[in-house]
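K.L.:
Pasting a predicted model and its sequence here:
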Protein chains: 2
Amino acid sequence: MKLLDYLCIMQFQSITEKDIIFFRDLPGIKAVLNDEESILACASDQTEDLCYRAQLVIQPETVEAVSAIMKYCNEAGIPVTPRGAGTGLSGGALPVYGGIVLDMKRFNRILNVDTRNFQVTTEPGVITQELQEHVKEKGLFYPPDPASKGSCFIGGNVSENSGGPRAVKYGVVKDYVLNLEMVLANGEVIWTGANVLKNATGYNLTQLVVGSEGTLGVITKIVLRLLPAVKHDLLMLVPFRSATEACAAVNAIFLAGHTPSALEFMERDALEWSMKYTQATGISLPADIQAHLLVEVDGNNQELLYKDMEEIAAIVQQYDIDEILFADTHEQKQMLWALRRKVGEAVKSNSVYKEEDTVVPRAELPELLRIIKKIGKEYGFQSVCYGHAGDGNLHVNIVKAGMSDADWNNKLPEGIRKLFKEVVRMGGTISGEHGIGLVQKNYMDIAFSKVQLQLMQDIKKVFDPNGILNPGKIFAGEF
Amino acid sequence: MKLLDYLCIMQFQSITEKDIIFFRDLPGIKAVLNDEESILACASDQTEDLCYRAQLVIQPETVEAVSAIMKYCNEAGIPVTPRGAGTGLSGGALPVYGGIVLDMKRFNRILNVDTRNFQVTTEPGVITQELQEHVKEKGLFYPPDPASKGSCFIGGNVSENSGGPRAVKYGVVKDYVLNLEMVLANGEVIWTGANVLKNATGYNLTQLVVGSEGTLGVITKIVLRLLPAVKHDLLMLVPFRSATEACAAVNAIFLAGHTPSALEFMERDALEWSMKYTQATGISLPADIQAHLLVEVDGNNQELLYKDMEEIAAIVQQYDIDEILFADTHEQKQMLWALRRKVGEAVKSNSVYKEEDTVVPRAELPELLRIIKKIGKEYGFQSVCYGHAGDGNLHVNIVKAGMSDADWNNKLPEGIRKLFKEVVRMGGTISGEHGIGLVQKNYMDIAFSKVQLQLMQDIKKVFDPNGILNPGKIFAGEF
C-alpha cells in the first residue's frame, strides 16, 4: 500500500453521544471531558502557537481502561492522540484530526525502585524531575534531563527520545529504557522486551517504540535502568569573543580526552534574553562577547574533578575569551542552570518564532553555525542559537521580528528546507531530541529516501492498521 | 497474514545452472563457489555440531553486487543467508533452507576513522579485534569485545547484538551503532539513520536492525561511535569456596558504588577445563574452590584504580574466599583473559554440549545458579556455568557426558524449556548476547506472547515480503 492510499483510509469518525456514554461507563477512567476549558487545555503544547481541538479528553487510570478505549476506537475509527504534560516542541501531542486526547496524567505512580538491580518501574505520567529526585533518595541516578524536566512527563520523554544537557556524557532516554508495557491500537497489551541489561532475543521492539511519538501504541509502564548516584559536580561559564571559536573549543575539549557531563552553547542573545527573563544578576556581559559555553564535569572524586576543570579551562583559554565564571556555590550553579534552561522560554517570549532542532557530527558545529547565519541573511530571518554543543545538537530559534507575514509563511519554509539539506549533507539530521511530530514532518523527505519512509510507514501499519493512533504525525500528509 | 500462511510461502526455488551463470557474470563478485570444500566451509558455525549445506556460496565485493544478487533472488525465490566469520553460537548463519550463502569476507575494509568526531565507518567483514586495534592506534576505543573477538566479524556482532566482558561498564554493540548501510531483500540500498549522537527523526531503524540476525537486510557498512582510549586497567582473580557466594558478591560490588570494566564468573569446572585446554600454569586451584570472579577496573588515573581495586577486594573478602590473585604484569593479564576467553572452547572440547545464554536482573544470579543445578538434577544433566555476571548474563553449558541419546534428544529440551520459563519468571530472557538464530527459536514462545511474535513476524514481512532473507531463523517453524 502506498502512502497516498494509506492517507485515504483516514476517514475518521466523529464522536457521538453514544460513544461518550460508552466511555463514561468504562471502569478505570477518572474523567471524560468535553467542556471548553478541558478541550483547550489539550489543544496546545509548547510548540509555537498551534491549537487543535479534540472532541473529547479522556483521563484513564488503568491499563485495562486504556485497552478498552483503544479497542473501541480502533473498531469505530476514532483517532486517539496520547498526551503527556504537553511540553513537546514538535506538536507531537496535538489532536490534529480531532477525536480523543488520551490524557495520561493519572498514570502518575512510581511503581517500584529496584535498588538491588538499579532499575525503576514507573507509569508514564510522572514528572521527570520527581522521578529523578525519588531515585536519588535511594542513591540512584536517572541522567536524562530535558530543559523542561520540572514539568514534562517521563512518558513524553520516552515517546520523543528526549535528551538534555547530560546526554553528552550519559546518553539520551533510549539508552535507559529496558522495557515498556504498551497498549496496541487494537487494545492488546504487550511488553516490548525484558528487564535486563543485555537482550538478544528477537527484534528490539523497545527501541522501535522509544521515539515513535505515540504513533505505535500507548505506553502504560516504563522500566528504566539507573546508575549509582554521582557525588560531585563543578560548573563554569566561559565567555567567547567569537561564536565560531566557542563551537571550535567544544571539539578541542573532547579531543583532549575530557568527557564533560554537560557542554552547552549559548549565543549572546540567548543568554542576554534569558538574563532579562529570569532577572538574573551577577553576570557581566561585555559588549564584545558573542557566545558562552557552560561546562560541567561530574564524578565521585572531587580532587580529580578540579584537575579536570583546570585542564578544560586551560584549553578554552587558548581561544579569545573573557574571564571564566566558576560557580562556587550551589546557588550559583542553580542560577547558571536556570539561565540555560530558561533560554527557550525567554527567546520565545520575545517574538513569534519557529524552533529547529538540528544535529550534526560534533566537529561540524562551527560550520553549522556559519551556514545558519548565511541562510538567515539570504532569507531575511534572524536566529538565536543555543543547545547541546557536546552532542552537535544546536537549537535554532528563528524569530519573526520584522519579517512580513507573507515571508514568514512562504519564504521561511524554503530557508528551513535549505538549512536541513545542509545539515543532512554534513552527516546530520533534522531532529536531535524534539521529534518530528507535526511541525517537521514535511521535511522528512530531506532526511530519508522514499524507500526508508515507506519502511517506516509500513511498520506503522503493522502496529496500527487503521491509522487511529496519533494520526497526522511524523509522515507528511494533509496536516 | 498468520504465521502459518507465511511459512507456506516458503516454497523456495533450487538454484539452476542459469542462475549460476547470472551470478558469475555480475561485476563486483570475487567468487561464486559450489565445490564441496566451499559448501562445507559455510555449512557450520560454532554452534554445536550442526551442518546445513547451501547450494552456492557467493563472495560479493561491492554494495552494487549485493543489491543485484538480492534483487535476483527476491524475484526468483532463492533463499539467501548472510554469513560473517562463522563464529555464531545460535546457528544464525546456517543456510537451513539451502540456497545461497552470502559470504561477506571480502567486505573487509575499515573505510574511515573520523578522529574529530570519534566515529569509525567500516565494512562488516572486518575482524572485531583488528577494528579495535586500528582505532586504538588513533587514540580511540571501541569497547564491545565478544570472547571470539580475534576471529569474529564486526558485521556478525551487529547482527547478533553481541556483548562481551566489557558490556557491564560500556554496554553492548547496540550502544555503539549510529548508522548502517544495508541492502533490503528487494535490492534497494538504504541507510538506517544518521552519523549523529542524538536522533529523534522518525522510527529507529538502526536499533531495529541491530540484533535482527540477518533477517531484515544485508549490512554493507557500519558507522560506530567510539570513546577516547582508556589508559590503564587492573585485573584480579578471586577464588570462592561457594559458587552462590560468588554470585552474591557480584551485586555487593555494584551496590557499593563500583562499576568494574569486567566482572566475570566461572564455575570451578570452567576454569579447570580452560587451564588444561590452554596449558596455563601458575594458578593454584585448591579442592574446596567452587567458583571464581575475574574483576577488572579501568580508567585514566592509576592511583584511583588501585583505590577502587582495594575497595572491591575488601568487599569480596567478606565472603569465604581463598587468596586473591592480582595480575601484576601484562603477560599475567593476558593469561587470565585467555583462560576466560577459552572457557567456551575448552568446555565444548570435552563433550557433546548445548550452550544456553540466560540473562536475568543481576541480583537474581544466585537464584538462577541454584535453579540451573536443581533442574539439572531433575532432568539428569550436568552443566558448567560461566559468563558476564555483572550483566546477569550466565552461559550455561550443558554437557552430554553420560546422558543417553534418547534423553539428550527428548528429555533435555523439556529441561531447557523449564529453565527458560524460570529465567523469564525472574524478569530475564532467553538470550543475552548469542541471539536466537536456529537453536533457540522453538523457545521464543516462552519469552513472548503470540501478539508480540506476530508483531515481529509482521515487521519481518515489511522488510522481506518473500521471506528469502535468512529463512528459518528467530521464529519457530519447520527447522
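P.N.:
That came in fine, so what should we check first?
K.L.:
and the closest residue to chain B within the stretch 151-300 of chain A, what helix or strand is that in?
P.N.:
Relative to chain B, the nearest point of the stretch 151-300 of chain A is A:Q207 (3.4 Å; Cβ to the nearest Cβ). All C-beta spots, glycine's among them, are computed from the backbone N, C-alpha and C. Element membership for A:Q207 (DSSP states H and E) is helix A:205-209.
K.L.:
Could you name the helices and strands sitting against that helix?
P.N.:
strand A:177-183, helix B:205-209, helix B:450-463 (3 or more Cβ pairs under 8 Å, 6 or more residues apart in numbering or on different chains; DSSP states H and E).
K.L.:
would you put the C-alpha positions of it in CSV?
P.N.:
C-alpha atoms of helix A:205-209 as CSV (Å, rounded to 0.1, in the frame of the first residue of the first chain):
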residue,chain,number,x,y,z
LEU,A,205,10.6,-3.6,19.9
THR,A,206,11.6,-1.5,22.8
GLN,A,207,14.0,0.7,20.8
LEU,A,208,11.5,0.8,18.0
VAL,A,209,8.9,2.3,20.3
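K.L.:
which parts of the stretch 201-350 of chain A sit against chain B?
P.N.:
Proximity of the stretch 201-350 of chain A to chain B, by Cβ under 8 Å from any Cβ of the partner chain, involves residues A:201-205, A:207-208, A:210-212, A:228, A:251, A:254-255, A:257, A:259, A:300-301, A:304.
K.L.:
how about a cut-off of 7 Å?
P.N.:
Residues of the stretch 201-350 of chain A lying near chain B by Cβ under 7 Å from any Cβ of the partner chain: A:201-205, A:207-208, A:210-212, A:228, A:251, A:257, A:301, A:304.
K.L.:
So what touches the helix or strand hosting A:E264?
P.N.:
Using DSSP H and E, A:E264 falls within strand A:262-267. The contact list for strand A:262-267, computed with Cβ atoms under 7 Å, 6 or more residues apart in numbering or on different chains, reads A:165-166, A:168, A:243, A:246-247, A:250, A:253, A:291-296, A:340, A:343, A:384-390.
K.L.:
Render the CA-only coordinates of that strand in CSV, please.
P.N.:
Extracted in CSV, the C-alpha atoms of strand A:262-267 (Å, rounded to 0.1, in the frame of the first residue of the first chain):
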residue,chain,number,x,y,z
ALA,A,262,27.4,19.0,30.1
LEU,A,263,28.8,21.2,27.4
GLU,A,264,26.2,23.8,26.4
PHE,A,265,26.5,26.6,23.9
MET,A,266,24.6,29.9,24.0
GLU,A,267,24.7,32.7,21.6
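K.L.:
neighbouring strands for it, and are they parallel or not?
P.N.:
Take DSSP bridges as the rule and strand A:262-267 pairs in its sheet with strand A:291-299 (antiparallel), strand A:382-388 (antiparallel).
K.L.:
could you dump those to JSON lines with mean neighbour count and mean pLDDT?
P.N.:
Conversion of the strands paired with strand A:262-267 to JSON lines gives the following (neighbours: other Cβ atoms under 10 Å in any protein chain shown; pLDDT from 0 to 100):
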{"stretch": "strand A:291-299", "mean neighbour count": "24", "mean pLDDT": "97"}
{"stretch": "strand A:382-388", "mean neighbour count": "25", "mean pLDDT": "95"}
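K.L.:
For B:I283, find the nearest of those strands.
P.N.:
Of all the strands paired with strand A:262-267, the one in closest proximity to B:I283, counting by Cβ to Cβ, is strand A:291-299 (35.0 Å).
K.L.:
Any buried residues in the helix or strand just after the closest one, and which?
P.N.:
For strand A:291-299, the following helix or strand on the C-terminal side (DSSP H and E) is helix A:302-316. By neighbour count with 16 or more other Cβ atoms under 10 Å in any protein chain shown, helix A:302-316 contains the buried residues A:304-305, A:308-309, A:312, A:315-316.
K.L.:
again with stretch A:367-387
P.N.:
Result for stretch A:367-387 [16+ other Cβ under 10 Å]: buried residues A:368-369, A:371-373, A:375-376, A:379, A:381-387.
K.L.:
pLDDT wise, what is A:L4 at?
P.N.:
Here, the pLDDT recorded for A:L4 equals 42.
K.L.:
Kindly report the same for A:E478.
P.N.:
On the pLDDT scale, A:E478 gets 57.
K.L.:
any idea where the strands of the stretch 351-479 of chain A begin and end?
P.N.:
A:353-359, A:382-388, A:393-399 (DSSP state E, counting those that start in this stretch).
K.L.:
Can I get the last one in PDB? Just the C-alpha atoms.
P.N.:
The C-alpha trace of strand A:393-399 is given here as PDB (Å, rounded to 0.1, in the frame of the first residue of the first chain):
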ATOM      1  CA  ASN A 393      22.800  19.400  18.700                       C
ATOM      2  CA  LEU A 394      22.000  23.000  18.100                       C
ATOM      3  CA  HIS A 395      18.600  24.600  18.700                       C
ATOM      4  CA  VAL A 396      18.000  27.300  16.100                       C
ATOM      5  CA  ASN A 397      15.300  29.700  17.200                       C
ATOM      6  CA  ILE A 398      14.100  31.700  14.300                       C
ATOM      7  CA  VAL A 399      12.400  34.900  15.500                       C
END
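K.L.:
what angle separates it from strand A:353-359?
P.N.:
160 degrees (axes from the mean of the first three to the mean of the last three Cα atoms, to 10 degrees).
K.L.:
same thing with the second one?
P.N.:
The directions of strand A:382-388 and strand A:353-359 differ by 40 degrees, with the same axes, to 10 degrees as the criterion.
K.L.:
How about A:G415: what's its closest non-neighbour residue?
P.N.:
A:Y379 (3.4 Å; Cβ to Cβ, 6 or more residues apart in numbering or on different chains).
K.L.:
Who are the contact partners of the one you found?
P.N.:
Counting by Cβ under 7 Å, 6+ apart, A:Y379 has contacts A:411-412, A:414-415.
K.L.:
With pLDDT and neighbour count as added columns, please give the residues you listed in CSV.
P.N.:
Formatted as CSV, the contacts of A:Y379 follow (pLDDT from 0 to 100; neighbours: other Cβ atoms under 10 Å in any protein chain shown):
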residue, pLDDT, neighbour count
A:K411, 95, 15
A:L412, 96, 17
A:E414, 96, 13
A:G415, 97, 19
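K.L.:
Which of the residues you listed fall in helices?
P.N.:
A:412, A:414-415 (DSSP state H).
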